[in-house]
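> my questions concern the predicted model and sequence given below.
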Amino acid sequence: MATGTPIYMTPDCAQQMRAELKELLYVKRPDTVRRVSDAAAEGDRSENAEYIYGKRHLRKIDSRIHFLTKRIENAEIVDPVAQGKTAAGRVLFGATVTVEDEDGEEKTYCIVGADEYNGAKGLVSWQSPIGRALMRKEVGDVATVKTPVGARELEILAIEYKPIKGVEIISRV
């Protein structure tokens, strides 16, 4: 996968992807293959809904297995705590950043990979508008975030590097 853009992820995300891959390879795929084989043994496959659905589901599983395998192979796993030792007070991947917006409201964002973002939990991708605006900034800096309704300014109040919890990758199968 030569996209040129690194695939960063936290250790928690990588662990979840490996667990999903294992589940697909050793539980879901064999079970689906067995069901498709049983449905095929019933005769005419052209009108056998269970066979047709099973084959479609098997393609989805195989596609997800391929995606996860490539994603894990090409991932650069970044431990936020270790990243903090080299960050020199700047916002890098894995940072937990507390900001104050123009209305005086404080918010906390964790900078994570594209596979683990969850806006409701404050997990933002390093490639998102907020993530890109915060990268390489320091405490006291003002980050300008471009949004569809205009630019917003966020003042950086604190930067921490700690384990990021609450990451949930969304299975597509």
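Thanks, I have the structure now.
> from now on I want contacts and neighbour counts done on CA atoms only, so please keep to that.
OK.
> list the buried residues for the lengthiest helix in the chain?
Assignment by DSSP state H gives helix 49-74 as the longest helix of the chain. Using 16 or more other CA atoms under 10 Å as the test for burial, helix 49-74 gives 51-52, 54-55, 57-58, 61-62, 64-65, 68, 71-72.
> please name every helix or strand in contact with that helix.
The contact analysis (3 or more CA pairs under 8 Å, 6 or more residues apart in numbering; DSSP states H and E) places helix 49-74 against helix 11-23, helix 29-40.
> in this structure, which ranges drop under the pLDDT threshold?
Applying pLDDT under 70 to the chain flags residues 1-3, 171-172.
> show me how it divides into domains.
Following automatic domain parsing, one finds the domains of the chain at 7-77, 80-160.
> show the end-to-end separation of the last one, please.
So the one you mean is domain 80-160. Start to finish, the residues bounding domain 80-160 are 9 Å apart (CA to CA, to the nearest Å).
> need the winner for burial among the domains of the chain.
domain 80-160 (a mean of 18; mean count of other CA atoms under 10 Å).
> work out the gap between that one and the centre of the chain.
Computed by CA atoms, centre = their mean, to the nearest Å, the chain-centroid distance of domain 80-160 equals 16 Å.
> and D79, how many residues sit next to it?
18 (other CA atoms under 10 Å).
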